[in-house]
Each structure stands twice: as structure tokens, then as C-alpha cells.
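Peer 1: Just need the structure, nothing else, for what follows:
(one chain, ligands or ions: 1)
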Amino acid sequence: MSQLSVDHLLGIKYLKEEDLHLIFETADHFKEVINRKIKKVPTLRDITIANLFFENSTRTKLSFELAEKRLSADVINFSAAQSSVKKGETLIDTVNNILAMKVDMVVMRHPNPGAASFLSKNVDACIINAGDGTHEHPTQALLDAFSIREKFGEVAGKKIVIVGDILHSRVALSNIFALKKLGAEVKLCGPKSLLPKHYESLGVGIELDLKKALQWCDAANMLRVQNERMDKSYFPSIREYTQLYGLGLPLLKSLNKEIVVLHPGPINRGVEISSQVADSDQAIILDQVENGVAIRMAVIYLLASKIMIPV
Ligand code: CP
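Peer 2: Down below sits the predicted model:
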């Protein structure tokens, strides 16, 4: 397989297992490129990409922009907070005005689930979902799975636990799709109030006891409590959450084996993960960030190849 089966990256749900392997093999090449003295390739000199962020971001926004620049694409950045969205312009009007400036590809983060899919059906451009509300964050899941593959050699057969606020997390859903397609075993762990019951239908296990979940797994992905998405209290206090579901060094060291710790960022140090764990040798958080650039280069390159050489 040399081309992706999709024309947009809207969610991991729509990708085949072969797409994931193709993205990883392409990212292997780009990871080697970004570690060279000259980190740039001329591959996408004819492509213009618009990064549209309707919601805050540090890692994803900078990582996409860097990936685009490393591929020599022309890049424009749009932030809703400083735009005519504030004057009432619709999403489709906004994007069509940007496309009229001869833009080929749109990377979009939006607070509404389904926004990327909606856009792909209503405008004439390749769309990459950089996170749509509580729905999917496909490039995050790709870089997480790529980092697990890098650490263990492969994802198939590995036991991964995703810990924390699953209910409000687009990272959790995309990770579940990616890890299951790649043959990993997946468990979710967190307070019952933050574990959606219907997720069991996706073939994942549930473990309410963090220590048992950590004893079982090869790698733990520690998610942030997303207070900004909560309309009510889901647990008595942050202190109690940290006692039951926070990963501190004493708990990590009490396990009968060494596990790998992931976190998508931003970290709430001292809540879901302690500084000692986040900064320990077992955490691969900054490797994830480095791999994010290579993964986004791969996704952009593979989708752009379909624009440049339509089949
Ligand atoms: N992991 C992630 O999506 O981080 P940002 O919100 O900073 O982009």
C-alpha cells in the first residue's frame, strides 16, 4: 500500500490498519530527516496549508506548523479569537474565503464534535482534524501509538491502560481506535463517573483500581482532568482524584515491573501525574512531542500526494 485509503484525516475510526502502518513507515523516514543537520525537504513547495484554530493549543498548533515548514509548504495561520468569526462569520464562509486565496489543505481544531467532518462535506479542500471537541484527535493518537511502537518495537499484543477523564477526552477515543486496530489490548481506568459505559462495546476493558491497572499494563497513558469541559462535579475533590487516580513515584516504584508512561499534554502537575513521574526516565512525554512533528509530516505528505497525483 503506497497511498492512504482516505482523502481527509477526520478520525482514526475511518482509517484501515494498513493506513496506520503506512503513516508510521513514512514518519520513520521523516523522523530521520528532522534529526539531520538540515531538517527541511523541498517536497511540498507547491502546497499551501491553512491552520485554523478555533480552540487553544500549544503542542498541536506548533507541531503542525513546524511539520508544514519542514516539508517546505506555504503556511498561513488563523486564530478565531482575532478573526471575523467574532463578527458573526460562519465556519463555511470563513473557510471558503481562505480557500479563495488558493489554499490546498486545512488543518482545523474546533470545539464542536464533527466540525472537521462537516467541513470536509461542504468545502473543496483536504481537511485534517486537529481535535474536534470531545470527539477525536487523530494525530495525537497516531503519535502516541508511534511512540509505543518505538519503545516496544510493535504495538500488537501490548497492554495499554488509558487513565483519567475518558468522558471528555478526544485523545482517549482516538487512542482506543488506533491501538485496537494495531492489535493492542486496551483498558480504561478512572472514576466511574468519567468512564462512559458504551466504550465497552469498542472492545476495551474497564479497571477501577489504578494499581491493578498499572500492574496489568505495559504502558499507561495518563489523561488530564478536563475541567473546562465539565458542567458539573464528577468527583468530590481534586485531592481525592489525585489520591485515587494520580500517578506518583511511590506508586510507580511499587509495581513489580517497569512500565512506560505517556501523557498527551498539557500536564496538570500534581493532579493526574506528579512532577517526579513526568520527569522520570519511564515517561516518554517529550518523545511523544518530538514524534508528533514526524507523524504530522507523514500525514500531510501522504494526503498532499493524493492532491498532487490524484488516482
Ligand atoms: N496534546 C494536545 O493536543 O495539546 P494542545 O492542546 O496544546 O495542542
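
Peer 1: Next, residue 129: secondary structure please.
Peer 2: With DSSP: H, G, I helix; E, B strand; the rest coil as the basis, residue 129 sits in strand.

Peer 1: quick one, what contacts it?
Peer 2: Residue 129 makes contacts with 8-11, 108, 116-117, 136-138, as judged by CB atoms under 8 Å, 6 or more residues apart in numbering. Every C-beta, even on glycine, is put in place using the N, C-alpha and C of the backbone.

Peer 1: 10 Å instead?
Peer 2: Going by CB atoms under 10 Å, 6 or more residues apart in numbering, residue 129 touches 8-12, 106-110, 114-117, 119-120, 135-139, 170, 174.

Peer 1: So what pairs up with it in the strands?
Peer 2: residue 108 (DSSP bridges).

Peer 1: Distance-wise, check it relative to the ligand.
Peer 2: Note on residue 129: its distance to the ligand, by CB to the nearest ligand atom, to the nearest Å, is 12 Å.

Peer 1: Regarding the spatially most central residue of the chain, what is its secondary structure?
Peer 2: Centroid-nearest residue in the chain: residue 140, 1.3 Å away (criterion: CA atoms, centre = their mean). Classification of residue 140 by three-state DSSP places it in helix.

Peer 1: My guess is it contacts residue 178. True?
Peer 2: Yes. Residue 140 lies in contact with residue 178 (CB atoms under 10 Å); the separation is 9.4 Å.

Peer 1: Mutual contacts of those two, please.
Peer 2: Residues touching both residue 140 and residue 178 (CB under 10 Å, 6+ apart): residue 12.

Peer 1: and the longest helix for this structure?
Peer 2: In the chain, with assignment by DSSP state H, the single longest helix is helix 285-308.

Peer 1: What is that one packed up against?
Peer 2: Helix 285-308 makes packing contacts with helix 17-34, helix 59-70, strand 105-110, strand 126-132, helix 138-152, strand 260-262, helix 275-278 when contacts are defined by 3 or more CB pairs under 10 Å, 6 or more residues apart in numbering; DSSP states H and E.

Peer 1: coming back round to it: filter the contacts of residue 129 down to the ones close to the ligand.
Peer 2: When these are checked against the ligand using CB under 6 Å from any ligand atom, the ones in range are residue 137.

Peer 1: Please check the contacts of residue 129 and keep the buried ones.
Peer 2: Burial by neighbour count, judged by 16 or more other CB atoms under 10 Å, picks out 8-12, 106-110, 115-117, 119-120, 135-139, 170, 174 from these.

Peer 1: Quick check: the residue of the stretch 151-300 of the chain nearest the ligand.
Peer 2: At 4.1 Å from the ligand, residue 264 is the closest residue in the stretch 151-300 of the chain, using CB to the nearest ligand atom.

Peer 1: quick one, phi psi at that residue?
Peer 2: phi -70, psi -20 (degrees, to the nearest 10).

Peer 1: Chain neighbours aside, what residue packs nearest to it?
Peer 2: Nearest non-adjacent residue to residue 264, counting by CB to CB, 6 or more residues apart in numbering: residue 171, 4.8 Å away.
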